[in-house]
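In: need coordinates for the following:
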Amino acid sequence: MHHGTKCFACSAALILALLSLSCAPASLPDDSNRTTGVVDTPVTTTTSTGSSQTSRSNEGTQPPASKGGIDFDDTGPLVAEPNPEAICSSYDANLCGEIRPLRKMRNRYPIILAHGMGGFKEFATLDYFYQIPEYLRGQGYAVYVSIVDPFNSTTVRGQQLATFVDKVLGCTCAGKVNLIGHSQGGLDARFVVSSLGYGDRVATVTTIATPHRGTKVADIALGLIPGISDDLIDTLAWIAGNLYTEPLQSPDYRASMQLFSQDGIAAFNAANPDDPRVAYFSWAGIAGLSADGHKECAGAEHPTPDYRTPITAVLLPTWTALGGLSGVANDGLVAVESARWGRFMGCLPADHLQEVGHLLGATYKFDWKSFFKTIAQQLEADGN
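Out: Residues are numbered from 1 along each chain as shown. Reported below is the predicted structural model:
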C-alpha cells in the first residue's frame, strides 16, 4: 500500500466520510427556506383514549416554571434560558458551569446529543452537531452536548455518557433526560439504559443512522471481508494513523470497529435489550440516485421523500461497498435496514455527513436543523 500517493483532498475528505467528524465553521446564515424531506410542523399524537393532541397539548404535564417549565403566557421570544433562582440540592457551580435549571423550555426533560465514532463536541472551532444546539435552544428546547472518547468500545463510551447524564440531572433539577445519538452515539445511549440501568433516568432514546445491526464497512476495516480494494483499506489506515495517531491495529480503534461488525453487534444486542420504561425512536439516512428507499423505508411514520439526494463524493467508496450501485438504500456508512430500531420514524434524504450538518451545511435540499427540531417537537408532543 502506498500512502504517499494519495491526494490530500481525497484523504481529508474521507476522514469526514468514515469518521463522521464535522468540517464546518462555527456559524453560517440560517437558511429557513431550505426544502426538507421532514415536515417542520407541530406533531399530533393519539392518547390512550383515542383523542388527538398537538405538540402543545401536554402543557398541563409540564413542571412548574421554577423547575424548567415553559410559561405559555409569555408573549416574548421563546428562548431557553437559565433560571438563576432555581438551584438543585446537588448543584455545584464549579462542576455545572452553564448547565443549570432553565426558566423557559418547551420540553419537559433536557435533550442530550451523543456523537458518533471519531466525533467530539467540537474539534478546534468545528462542531460535530453543526449549529444544532444553538438552533434548538433558540426554539426553546433545553439541549446539551456530551463528549466521549472519539474511538473506544461502547462499554467505555457508554460509561462516559452516563457520567454526563448524571451531571445534567444534578445540575438542572430534571428527573430524566432525552438521549439523541448519531451513529455510534445511539449504541452508547442504548448501553447507558440497558447495561448501566438508567431506564429510570432516561425518558427516550432517539437514534439517527445508528448501525443497530452492524455495517459492512466495519468488517472491511477489520479485514473480515476478502477481495476488498486495497485503496479502501489503505485510506482507512491512513485516516486512523495520520489524523488520530490511531492505527487500525490500536485497541481503541479496533474496539470501535469490532462493535459494528456482524459478530460484535450480535453480542451487543443480546446484552442490551430495550427497557420497557424507555421509548425508542429511530431514523435512517438514504442517499444516492440508484435507490429510492421505498422498500426499506416502508412502515415509517413519516413519508419517504419523493426526491433523491446525490451521495457526497467522499462517501462513494463506502456507499458502493454497502451495495449502493445495486439499489441497497444506505447513507454511505449505514444501511437503512440496520438503522431501524424501536419506533421507526422515517428515512432522511441525506447521507451520513449531511444528517448532522457536516460539510459546511452543504446538504442539498435537506434542512438538518429543521429535522432536529422535528425530533424535539415529537418529544414535546409526547410529554417528554
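
In: so, low pLDDT: which residues of this protein?
Out: Low-confidence segments of the chain, defined by pLDDT under 70, span residues 1-87, 89-90, 119-126, 224-253, 359-364.

In: the same query, at a cut-off of 80, please.
Out: 1-93, 100-104, 118-126, 219-257, 291, 306-307, 314, 358-365 (pLDDT under 80).

In: how about the helices of the protein, start to end?
Out: Listed in chain order, the helices found in the chain under DSSP state H are 8-19, 93-96, 132-138, 154-172, 184-194, 216-221, 230-242, 251-260, 262-271, 316-321, 336-339, 368-381.

In: quick one, which of the ones you listed is packed in tightest?
Out: helix 184-194 (a mean of 28; mean count of other Cβ atoms under 10 Å). C-betas here are computed from N, CA, C, even on glycine.

In: can I get that one in PDB, CA atoms only?
Out: Taking only C-alpha atoms (Å, rounded to 0.1, in the frame of the first residue of the first chain), the coordinates of helix 184-194 have been written out as PDB:
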ATOM      1  CA  GLN A 184     -22.300   5.000  17.500                       C
ATOM      2  CA  GLY A 185     -23.800   7.600  19.800                       C
ATOM      3  CA  GLY A 186     -27.100   5.700  19.500                       C
ATOM      4  CA  LEU A 187     -25.500   2.400  20.700                       C
ATOM      5  CA  ASP A 188     -23.900   4.300  23.600                       C
ATOM      6  CA  ALA A 189     -27.300   5.600  24.600                       C
ATOM      7  CA  ARG A 190     -28.800   2.100  24.500                       C
ATOM      8  CA  PHE A 191     -25.900   0.800  26.600                       C
ATOM      9  CA  VAL A 192     -26.500   3.500  29.200                       C
ATOM     10  CA  VAL A 193     -30.100   2.500  29.500                       C
ATOM     11  CA  SER A 194     -29.700  -1.300  29.500                       C
END
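
In: packing partners for it?
Out: Other helices and strands packing on helix 184-194, by 3 or more Cβ pairs under 8 Å, 6 or more residues apart in numbering; DSSP states H and E, are strand 111-114, helix 154-172, strand 177-182, strand 202-208, helix 251-260, helix 262-271.

In: go again with 7 Å.
Out: Where contact means 3 or more Cβ pairs under 7 Å, 6 or more residues apart in numbering; DSSP states H and E, helix 184-194 is packed against strand 111-114, helix 154-172, strand 177-182, strand 202-208.

In: my guess is residue 190 contacts residue 273, does it?
Out: No. Applying Cβ atoms under 7 Å as the test, residue 190 and residue 273 come out as separate, 9.3 Å apart.

In: no further queries at this time; thank you.
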